[in-house]
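Asks: Any chance you could fold what I've pasted below:
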Amino acid sequence: MNEPDQKVHATLSLLVNVPRQTLELHEDGRLLRQFPISTSRFGLGSEPGSFKTPLGKFAVSEKHGAGAPLGAHFVSRQFTGNIAAPGGEEDLVLTRILWLEGLEPGNANTKDRYIYIHGTNQEQLIGTPASHGCVRMKNADIQELYDLIPEGTPVEIVA
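Replies: Numbering: from 1, shown residues only. Got it, this is the predicted structure:
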């Protein structure tokens, strides 16, 4: 039995399914939301400079972008003051950033590789592998997800 001043918190987790190009938000193992995503067009892996999406267990180590407008353009996790137009060839980091930290020997370099879950200017490519290693989401979706999860939320990326 819980002490009166103890709070019982639900356990939130994220599951990125690379073959399905989806990100699922779970609460105590129960699916709450599913979002379409885009992982790396270069495939899967953890090699530095490979632009591949890593597999395994992670945690959301940092969140950036609270209160920024939809489409806010970030460079080095700082809002530039610009709102990006949809489209274009450049792979922009928009709206919100969830910075992943690898928790296993095979993906321990994830934070050093700057692997994020973030919004994109290339929403038309969501649902297909198109990123440079990060997990891209539609801007409205990352804004919603950002507000739902705390730092430390476990993430698993599976193939």
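Asks: R33 sits in which helix or strand?
Replies: Applying DSSP states H and E as the criterion places R33 in strand 30-38.
Asks: Mean confidence (pLDDT) on the following helix or strand past that strand, please.
Replies: For strand 30-38, the succeeding helix or strand toward the C-terminus, using DSSP H and E, is strand 56-64. What strand 56-64 shows for mean pLDDT is 98.
Asks: Neighbouring strands - and their directions - for strand 56-64?
Replies: strand 93-102 (antiparallel), strand 154-158 (antiparallel) (DSSP bridges).
Asks: immediately after the longest one, which helix or strand?
Replies: Sequence-wise, the next helix or strand downstream of strand 93-102 (DSSP H and E) is strand 116-119.
Asks: buried residues in the next helix or strand after that next one?
Replies: Toward the C-terminus, strand 116-119 is succeeded by strand 135-137 as the next helix or strand (DSSP H and E). Residues of strand 135-137 classed as buried: V135, R136, M137 (neighbour count, 16 or more other Cβ atoms under 10 Å). C-betas here are computed from N, CA, C, even on glycine.
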